[in-house]
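Peer 1: No sequence on hand, only this structure:
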Ligand SMILES: *[C@@H]1O[C@H](CO)[C@@H](O)[C@H](O)[C@H]1NC(C)=O
Ligand SMILES: *[C@@H]1O[C@H](CO)[C@@H](O)[C@H](O)[C@H]1NC(C)=O
């Protein structure tokens, strides 16, 4: 708003400079007319000029790069064939749909360090030119933003206002809710109406928005399925969505501790996609270390890779197949070794 008022000010300023205190009257008049015309023209294209510098809720700043997203998912998200498939299909399908009936709601589940945050960032980076720094991307971490259970009522109001305010200023807004399992059930309930099939609410349509929920809920079930496959000598890549989907939604649904079940998110089918993240194996941790080295412009030194991989802890105790923390601590461990 503030910025839109500026051109008018400039014009007033420019005109007063030209028309006052100038000795060469006739010329100044024609200059004034010419300038006014030029400035009026400028004003007409001004919104676009503004948007070429400042982030706007327009195509120059918000455009899905599906090829790019596919490339990053396939090249930098390790060991997650299911998440890669589901995310790509869900997000691309949604942004290409001119008339979605509801906002896109993704629920990402899995063990810590398996790539849930990474995937949310990848989506943001390929949908918004400014990526995670975009003013249209909003991230909430339960324990940081809503830490006190006794403030729940003010959190509810605040969160509703934020979501409403942000979606009214840009329909294509992205909301990422981290640590969903630690979120107060009442708080989840408060955003439920935004996820529903309403055409508008108080004049605001939420149908272009994207909500991503991250949680560890279901992680144990997913791990169990992965372990069963391993024990049966089957390939991890053979795990299909149907092997996990019911297991995950049932566990999330029945887990009274997770808070998730309280809400009718699942009950009412407000979640469009459950995205399972499998526990990472040693080879995936290796890939993470190499990728991290690459992003720091370092050679993939085998000694360093081995050192980091060996420092991580693995489970189950005997077989030591999966990394306890996925790739989560790779970055820090690498800091120490470099
Ligand atoms: C889409 O992403 C790919 C890979 O990251 C990149 O090479 C390409 O320039 C991007 N296209 C646009 C239009 O930004
Ligand atoms: C949008 O959300 C952010 C939190 O991410 C909040 O600080 C801001 O006030 C919201 N904007 C509006 C217009 O409500």
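Peer 2: Looks like it arrived, so ask away. Keep in mind it's a predicted model, so treat the numbers as computed, not measured. Ligands and ions are numbered 1, 2, ... in the order given.
Peer 1: Is it correct that residue 173 is in contact with residue 209?
Peer 2: Yes - using Cβ atoms under 8 Å, residue 173 is in contact with residue 209, at 5.1 Å. Every C-beta, even on glycine, is put in place using the N, C-alpha and C of the backbone.
Peer 1: give me the number of residues near residue 241?
Peer 2: Residue neighbour count, defined by other Cβ atoms under 10 Å, stands at 15 for residue 241.
Peer 1: about what we covered before: mutual contacts of residue 173 and residue 209, please.
Peer 2: Shared contacts of residue 173 and residue 209 (Cβ atoms under 8 Å, 6 or more residues apart in numbering): residue 167.
Peer 1: Which one of the residues in the stretch 51-200 of the chain is closest to ligand 1?
Peer 2: Nearest to ligand 1 in the stretch 51-200 of the chain, going by Cβ to the nearest ligand atom, is residue 68, at a distance of 2.4 Å.
Peer 1: Make sure that residue is indeed in a helix.
Peer 2: Yes - secondary structure of residue 68 (DSSP: H, G, I helix; E, B strand; the rest coil): part of a helix.
Peer 1: which one is residue 146 nearest to, not counting chain neighbours?
Peer 2: In this structure, residue 146 finds its nearest non-sequential neighbour in residue 155, 4.7 Å apart by Cβ to Cβ, 6 or more residues apart in numbering.
Peer 1: helix, strand or coil for the one you found?
Peer 2: Counting by three-state DSSP, the backbone at residue 155 sits in helix.
Peer 1: Would you agree it is in contact with residue 189?
Peer 2: No - using Cβ under 8 Å, residue 155 is not in contact with residue 189, being 11.7 Å away.
Peer 1: In terms of neighbours, single out the busier of those two.
Peer 2: Taking neighbours as other Cβ under 10 Å, residue 155 and residue 189 compare with residue 155 leading, 21 against 14.
Peer 1: which residues touch that one?
Peer 2: Residues counted as contacts of residue 155 (Cβ under 8 Å, 6+ apart) are 145, 146, 184, 187.
Peer 1: now those residues in JSON lines, with secondary structure?
Peer 2: Formatted as JSON lines, these follow (three-state DSSP):
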{"residue": "145", "secondary structure": "helix"}
{"residue": "146", "secondary structure": "coil"}
{"residue": "184", "secondary structure": "coil"}
{"residue": "187", "secondary structure": "helix"}
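Peer 1: out of those residues, who's near ligand 2?
Peer 2: When the contacts of residue 155 are checked against ligand 2 using Cβ under 6 Å from any ligand atom, none falls in range.
Peer 1: Next, the closest residue to ligand 2 within the stretch 201-338 of the chain: phi, psi?
Peer 2: The stretch 201-338 of the chain approaches ligand 2 most closely through residue 204 (11.3 Å), counting by Cβ to the nearest ligand atom. Note on residue 204: its backbone torsions stand at phi -110, psi 130 [degrees, to the nearest 10].
Peer 1: and what of residue 335?
Peer 2: Per-residue torsions, residue 335: phi -50, psi -40 (degrees, to the nearest 10).
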